[in-house]
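**Q** A predicted structure for the sequence below; I have some questions about it.
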Amino acid sequence: MASSVWESSTRRFMNHRVPAHKRYQPTEYEHAANCATHALWIIPSILGSSNLYFLSDDDWEAISAWIYGLGLCGLFVVSTVFHTISWKKSHLRTVEHCLHMSDRMVIYFFIAASYAPWLNLRELGPWASHMRWLVWIMASVGTVYVFFFHERYKLVELLCYVIMGFFPALVVLSMPNTEGIWELVTGGVFYCLGMVFFKSDGRIPFAHAIWHLFVAFGAGTHYYAIWRTRPLPCRWPESRVLVGEDGPTMFYGTHFIMSPPAKSKLKRQGQLLSSVLSRTLSYKYRDLDTPYSGLGASDDPAELSTQLSAPGVLKVFGDSVCSGTHYKSVLATGTSSARELVREALERYALSPERAAQFVLCDVVGQASGGGHAWQAQGFRVFGDNEKPLLIQELWKPREGLSRRFELRKRSEVEELAAKDVDTMTAGTWENEKLPNE
């Protein structure tokens, strides 16, 4: 009796289970849920992929952003199109069959694309480096398998997904840099839990839609890990004095102290989206006589860290902190404090933001020689933790012929220079410099 009542109450939300060699036919409600649970993520995946591309600092980061973005967007787009056709145009058997195969094939390429930022942008050992191309061979083999054996050996197909998902993860987990590992593991747990529902059509109502949600949660967790860490190989140089032959040092500490930055993570995310939108508008309207046209103005060659063509994006140079790198871009506003920018820069350099107390943000003036490849510092000032670099930047301008850039430096090395009582007032470096005795 209880069994019959359950069956009658779930008839609208779940059909009977079918044999292993046949395909389950969802109810109308399940069809709608299958479409909605992946269509909902198409626009966020496009925006998120564009965000990674805009924040790319070099060709490898841009390529990895493209690969990851295409895999992420392709997964949700192909899945949504297939489920829509299967629901509304099921009489188009050939089209539905091709889209169903594409829906299965794109999963392999999504897995490979998800690992692209980890494998392309982090330092790997001699053996592990082969995973960069091996993962794409696995995706190609999986695609061929689906083409010839689609819906014939479902357990084998599921096993192929599991192997391809876990095999590259072993390489990532063995990397010396562990930033983002917990997010990677958490995303993998979401996928594994979702597979329970992937094989439960006819047993659990809306099983496939629930599987879609677990896929979305796993993809979102992995995206957050990639966005937060943007992993790059980092090798610490030997401790050395930052400014020696290049010139004397200038310091300032706690003048212009302002209120501490807001700690709200939601506010930081809002600033992120606003800055990306502002940057997009600057390119779209740079040639038009509109209020946005000023955003596309020519960049000031004396300001190496800020660009008028990319408002809200600040370049933080970290040559002395992480060898093999030049600069990393962070998002900044006039209310961003030096400590907040230090934490953001450390995340971009794949270092823990909890180490922010060990670093300082410096306002450095110098000259670029040798075609712009060699930088000679003439002097620098150290920002106080609560100072607003973009506001103070307007108060100090480098002399003609000199340039300015923001650098991330070790606090211990800067304090070592201060302890040596180095002359901190370098005449002729700043255009509007005011000495204390004046």
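**A** Arrived safely. Residues are numbered from 1 along each chain as shown.
**Q** And the average pLDDT for the longest strand seen in the chain is what?
**A** Scanning the chain for the strand with the most residues, using DSSP state E, yields strand 359-369. On average, the pLDDT along strand 359-369 is 86.
**Q** How about stretch 212-230?
**A** Averaging pLDDT along stretch 212-230 yields 90.
**Q** Can you show me the helices along the stretch 151-300 of the chain?
**A** Using DSSP state H, counting those that start in this stretch, the helices found in the stretch 151-300 of the chain span residues 154-173, 181-198, 207-229, 265-284.
**Q** Give me the buried positions along the longest one.
**A** Going by neighbour count (16 or more other CB atoms under 10 Å), the buried part of helix 207-229 is 207-223, 225-227, 229. Glycine gets a C-beta too; all of them are placed from N, C-alpha and C.
**Q** related to what we said a few turns ago, please identify which of the helices of the stretch 151-300 of the chain is closest to residue 420.
**A** Among those, helix 207-229 comes nearest to residue 420, with 36.1 Å by CB to CB.
**Q** Output the contacting helices and strands for the closest one.
**A** helix 28-39, helix 42-54, helix 59-88, helix 93-121, helix 181-198 (3 or more CB pairs under 8 Å, 6 or more residues apart in numbering; DSSP states H and E).
**Q** neighbouring strands for the longest strand of the chain, and are they parallel or not?
**A** strand 374-382 (antiparallel), strand 403-410 (antiparallel) (DSSP bridges).
**Q** quick one: which of those strands is nearest residue 33?
**A** Nearest of the strands paired with strand 359-369 to residue 33, taken as CB to CB: strand 403-410 at 47.8 Å.
**Q** Where do the domain boundaries of the chain fall?
**A** 2-229, 265-419 (automatic domain parsing).
**Q** And those domains, which one averages the lowest pLDDT?
**A** domain 265-419 - the lowest mean pLDDT of the domains of the chain, at a mean of 73.
**Q** do you know how far the residue nearest to residue 66 when sequence neighbours are not counted is from residue 327?
**A** Spatial nearest neighbour of residue 66, chain neighbours left out: residue 53 (6.7 Å); criterion: CB to CB, 6 or more residues apart in numbering. Distance of residue 53 to residue 327, computed by CB to CB, to the nearest Å: 17 Å.
**Q** ok, these two, which is more surrounded?
**A** Remark: of residue 53 and residue 327, residue 327 carries more neighbours, 22 against 17, as counted by other CB atoms under 10 Å.
**Q** follow-up on the earlier one: in a markdown table: the strands paired with strand 359-369, plus mean neighbour count and distance to residue 174.
**A** Conversion of the strands paired with strand 359-369 to a markdown table gives the following (neighbours: other CB atoms under 10 Å; distance: least, CB to CB, whole Å):
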| stretch | mean neighbour count | distance to residue 174 |
| --- | --- | --- |
| strand 374-382 | 21 | 36 |
| strand 403-410 | 22 | 28 |
